[in-house]
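Here's my sequence, what's the structure:
(2 chains)
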Amino acid sequence: MSFTRTPTAARSVQFSFDGMPVQAREGDSVAAALLAAGIDRFRTTPKQGKPRLPYCMMGICFDCLLEIDGEANRQGCMVEVRDGMQVRRQDQSREVRL
Amino acid sequence: MTVTIKVDAAVVGGGLVGSAVAFGLMERGLSVALLDEGDVAFRASRGNFGLVWVQGKGDGRWQYAHWSRRSADMWPGFAEDLKAACGVDVEYDKPGGYYFTMSEDEHRTRGESLERMRREVPGGYDFEMLRRNQLLNIFPGLGEEVIGASWCPHDGHANPLSLLRAFHATMKGRVRHLTGAGASSVTPEGSAFRIEAGSTSVLAGKVVLAAGLGNRDLAPMVGLRAEVKPLKGQILVTERLAPKFGGLTLNVRQTGDGTVMIGDSHEDVGFQTEANVGIGRNIAARAIRQFPALAQAGLVRQWAALRIMAPDGYPIYEQSATHPGAFVVNCHSGVTLAAAHARSLAVQIAAGQLEPLLDPFHGARFEDKIA
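Numbers count the residues shown, from 1 in each chain, chains lettered A, B, ... in the order given. Here you go, the predicted model:
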């Protein structure tokens, strides 16, 4: 699956995904930036380990969950990308020791 | 055109209570019709927290404690039978339940109540009072304010939606499950009963009213009383969390999938089921006092539902004196009591006589207060 960007005058932004540098545009959501960069798996489901990509891109489906700047289970489609942001795949449930 | 369905027994109400009784009557070989109102109903069974809880229930009414314990004792085998019958795993687990105490006074009062029940309930009542330092192995992140807990080995939990699904899957093709069939009237006809539900008319040798709050209007039609009122409860659900949480508590439990359910609110606000932020905040604040790390968890769902409460909080079980064969069943613990309803109450209904243990739960017990 690949996406072609429409031309805009937006400033370029750089962030990292699992430690690799990714170019995005100012105003992108993290999810949109990762899709545009060709990332094919955002997370795996905690119970069955199945791969997932964003589905709704509007905050409803929770399939775009990512670890963003150290915080687990953030919705990638609802967070605007920023320079220097550190994003990681969400490969298990959030760890909370009760 | 009205179609008449003739059966040995009609159960009015397709939630957990009605489904358990219909399931049990089916197991006894009766032909059964289950009348289910549909999505317009308040559907307490869809909002249930999922506890199979014995601890602390029935101080002052040992019959209720005994009945709850009987159901909890039947639950392990019952869950296995359901899985064998329909393949649905109801996620039943019996790790024992903790009830946290937040002050010395509360700790002592709790211990005295459970000790009284241990003395008064036939067949006994197992529990332990634990101090904070005994809890830290199981709950390493326990809130500072928790001074101890009562623990009861009879407590467990299950997935209430899977339980309802399991009942309906097992009854499929064996019980006449009538959907969109809200009962508007129950009329004695000879020694039988005619139940009108939209375009359907059911003629049944026995009728069991298990319509939750709907029983208020239906019960008087066959000489019974069901003075039940709604008591709203709200539930919060977190995202899935790891690692698995050490134990089961009255107001915080982790499901098989890793989400944490947080509940135990009580609002006397009539027939409305809106979830709201104010109560959600109270529910969360109490849970965070017990488990401070929960403050890091994201919430993904909140809902509200209506418990079905008699004035004294106990169930209602009665066979009509004026119209034998008509029974009323109400309770607010449809999961805890599911096994007893299916495997004991239904057997008694099939036999036409409720056991003396259930005498204190007649619907007429409030008449003095009402008159």
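
excluding its backbone neighbours, what's nearest the residue in the stretch 51-200 of chain B that chain A sits nearest to?
Proximity of the stretch 51-200 of chain B to chain A (C-beta to the nearest C-beta) peaks at B:Gly141, 5.4 Å away. Any C-beta I mention is one placed from the backbone N, CA and C, and that applies to glycine too. Spatial nearest neighbour of B:Gly141, excluding adjacent residues (C-beta to C-beta, 6 or more residues apart in numbering or on different chains): B:Ala293 at 4.8 Å.

go on, B:Met221?
For B:Met221, ignoring the flanking residues on the chain, the nearest one in space by C-beta to C-beta, 6+ apart is B:Val186 at 4.6 Å.

Quickly list what the one you found is bridged to.
Beta bridges link B:Val186 to B:Ile195 when assigned by DSSP bridges.

Packing partners of the top strand by length along chain B?
The strand spanning the most residues in chain B, taking DSSP state E as the definition, is strand B:229-242. On a contact count with 3 or more C-beta pairs under 8 Å, 6 or more residues apart in numbering or on different chains; DSSP states H and E, strand B:229-242 meets strand A:94-95, strand B:259-262, helix B:277-290, strand B:299-309.

Quick check: the gap between B:Pro95 and B:Val52.
11 Å (C-beta to C-beta, to the nearest Å).

Would you mind naming what in chain B lies close to chain A?
Residues of chain B lying close to chain A (C-beta under 8 Å from any C-beta of the partner chain) are B:139-141, B:239-243, B:245-246, B:257-258, B:260, B:291, B:293-294, B:296-298, B:300.

Narrow those to those that are buried.
Neighbour-count burial (16 or more other C-beta atoms under 10 Å in any protein chain shown) applied to the residues of chain B next to chain A gives B:139, B:239-241, B:245-246, B:258, B:260, B:291, B:293-294, B:297-298.

where's the dip in pLDDT among the residues you listed?
Least confident entry in those, by pLDDT: B:Gly246, with 75.

Off-centre distance for stretch B:130-144?
29 Å (C-alpha atoms, centre = their mean, to the nearest Å).

what ranges do the helices span in the stretch 1-150 of chain B?
B:16-27, B:62-86, B:104-120, B:132-135 (DSSP state H, counting those that start in this stretch).

typo on my end, it should be chain A
A:30-36 (DSSP state H).

residues from it in reach of chain B?
Looking at chain B, the residues of chain A close enough under C-beta under 8 Å from any C-beta are A:46-47, A:62, A:73, A:92-98.

tally of neighbours for B:Arg253?
Applying other C-beta atoms under 10 Å in any protein chain shown, we find 22 residues neighbouring B:Arg253.

Across the sheet, point out what pairs with it.
Beta bridges link B:Arg253 to B:Met261, judged by DSSP bridges.

ok, it to B:Lys206 distance?
From B:Arg253 across to B:Lys206, the span is 36 Å (C-beta to C-beta).

next one: B:Ser333
Distance, B:Ser333 to B:Lys206, by C-beta to C-beta: 23 Å.

for chain B, which spans come out with low pLDDT?
Scanning chain B for pLDDT under 70 picks out B:1, B:368-371.

so who does B:Arg174 touch?
For B:Arg174, the contacting residues are B:Met26, by C-beta atoms under 8 Å, 6 or more residues apart in numbering or on different chains.

you'd agree B:Gly24 is up against B:Ala351?
No: using C-beta atoms under 8 Å, B:Gly24 makes no contact with B:Ala351, being 11.5 Å away.

who's more crowded, the two?
Neighbour count, other C-beta under 10 Å: between B:Gly24 and B:Ala351, B:Gly24 has more, with 27 against 10.

can you count the residues close to residue 6?
With no chain named, the answer covers chain A. Neighbour count for A:Thr6, taken as other C-beta under 10 Å: 5.

not what I meant, chain B
For B:Lys6, the neighbour count with other C-beta under 10 Å is 13.

What separation do you get for it and chain A?
46 Å (C-beta to the nearest C-beta, to the nearest Å).

quick one: contacts for the residue of chain A found nearest chain B?
Across chain A, the shortest distance to chain B (C-beta to the nearest C-beta) belongs to A:Ser93, at 4.0 Å. Counting by C-beta under 8 Å, 6+ apart, A:Ser93 touches A:46, A:72-73, B:239-242, B:258.

Pick out the most distant pair among these.
A:Ala72 and B:Gly258 (12.5 Å; C-beta to C-beta).

How many residues are close by A:Gly19?
By other C-beta under 10 Å, the residues close to A:Gly19 number 8.

cool, and B:Thr322?
Neighbour tally, B:Thr322, other C-beta under 10 Å: 9.

separation between the nearest residue to A:Thr45 once chain neighbours are set aside and A:Arg43?
Computed as C-beta to C-beta, 6+ apart, the closest residue to A:Thr45 that is not its neighbour in sequence is A:Arg52, at 6.3 Å. Distance, A:Arg52 to A:Arg43, using C-beta to C-beta: 5 Å.

shouldn't B:Phe291 be in contact with B:Glu144?
No: counting by C-beta under 8 Å, B:Phe291 does not reach B:Glu144; the two are 11.4 Å apart.

B:Ala339 falls within a helix, correct?
Yes: secondary structure of B:Ala339 (DSSP: H, G, I helix; E, B strand; the rest coil): part of a helix.

I'd assumed B:Phe78 was in contact with it.
Yes: under the criterion of C-beta under 8 Å, B:Ala339 makes contact with B:Phe78 at 4.1 Å.
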